[in-house]
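J.: Sequence and predicted structure are below.
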Amino acid sequence: MNRTTSPPARGRLIVFEGIDGTGKSTQLRLVALALRQRGYPVVATREPTEGPYGRRIRALYADRGGCSREEELDLFIADRRDHVEAVLQPALAAGKIILCDRYFLSTAAYQGANGMDVGTILARNRFAPVPDLAILFEAPIALGIERITASRGEGLNDFEKVEGLTRVAKIFAALDLPYIRRIDAAQPIDTVRDTILALILPLLPPPSAAN
Ligand code: TYD
């Protein structure tokens with residue numbers, strides 16, 4: 001086939017979702033490594049981003065009183081617009097396999113738990129490409145909190161308070177979208193990684209076609 005005239009292969013958008021402390025970031029690293037070893041061009045990224053809106057969001061962790069929940073939602077959406085335009089769309093167009101730590105289902109669950117309407121939140125995210133797969137990490141809230149406080153040696157930020165997290169988990173549990181797959185994140189780390197790979201690999205083109 002003449003490569004100059006064939007359309008570019010569209011990449012894949014795979015997002016990791018779930019409450020704090022369920023191991024999303026660790027698994028994202030492990031899965032990125034496993035896919036790269038198989039020859040796939042992987043882009044690993046996350047939200048909130050390191051961009052201007054992401055930085056303002058992180059500043060909010062320390063002081064939630066500084067903005068209304070409407071403004072908070074606006075910030076997450078503005079951060080996502082930048083991310084989609086600067087990172088996700090170009091990577092998809094270049095045929096990359098994107099692994100993204102949190103995406104619009106986090107906005108639905110967290111800003112939904114904060115009192116905003118979940119349907120409205122999802123509607124406001126229609127500009128964002130629909131993921132090929134959203135892996136929803138499920139684990140008891142107590143386990144997530146224990147992992148954050150014990151292993152990371154961190155205190156819980158405002159988004160991570162128990163009561164809030166219970167509401168967040170309920171919304172995640174109620175989401176019913178065709179691209180969501182739920183996994184038991186309380187399993188051993190290698191088991192979780194293999195479960196995730198088994199979900200992702202069937203969705204990918206052969207590695208050579210993805211380059
Ligand atoms: P997290 O993945 O924990 O980032 P970091 O490791 O940099 O702290 O995400 C930070 C918090 O942001 C997390 O508690 C969930 C929250 N969040 C929202 O409330 N809405 C969103 O749309 C996103 C992407 C994250």
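T.: Received, thanks. Numbers count the residues shown, from 1 in each chain.

J.: Near the ligand, which residues of the chain? Just list them.
T.: 20, 47, 48, 76, 101, 102, 106, 107, 110, 111, 159, 160 (CB under 6 Å from any ligand atom). (Each C-beta comes from the backbone N, C-alpha and C, glycine too.)

J.: Now the second one: closest residue in space, sequence neighbours ignored.
T.: Nearest residue to residue 47 in three dimensions, chain neighbours excluded: residue 102, at 4.7 Å (CB to CB, 6 or more residues apart in numbering).

J.: Repeat that for the fourth one.
T.: Distances taken as CB to CB, 6+ apart put residue 107 closest to residue 76, at 5.1 Å, once the chain neighbours are dropped.

J.: show me the contacts for the one you found.
T.: By CB atoms under 8 Å, 6 or more residues apart in numbering, residue 107 lies in contact with 73, 76, 77, 80, 121, 125.

J.: Once you drop chain neighbours, what's closest to the fifth one?
T.: So that's residue 121. Of all residues beyond its chain neighbours, the one nearest residue 121 is residue 108 (4.9 Å), with distances taken as CB to CB, 6+ apart.

J.: In contact with the one you found, which residues?
T.: 118, 121, 122, 125, 171, 175.

J.: Also residue 167?
T.: Residue 167 makes contact with 112, 113, according to CB under 8 Å, 6+ apart.

J.: Work out for me the element it sits within.
T.: Under the criterion of DSSP states H and E, residue 167 resides in helix 162-174.

J.: starting at the chain centroid, how far to that helix?
T.: The chain centre lies 16 Å from the centre of helix 162-174; the measure is CA atoms, centre = their mean, to the nearest Å.
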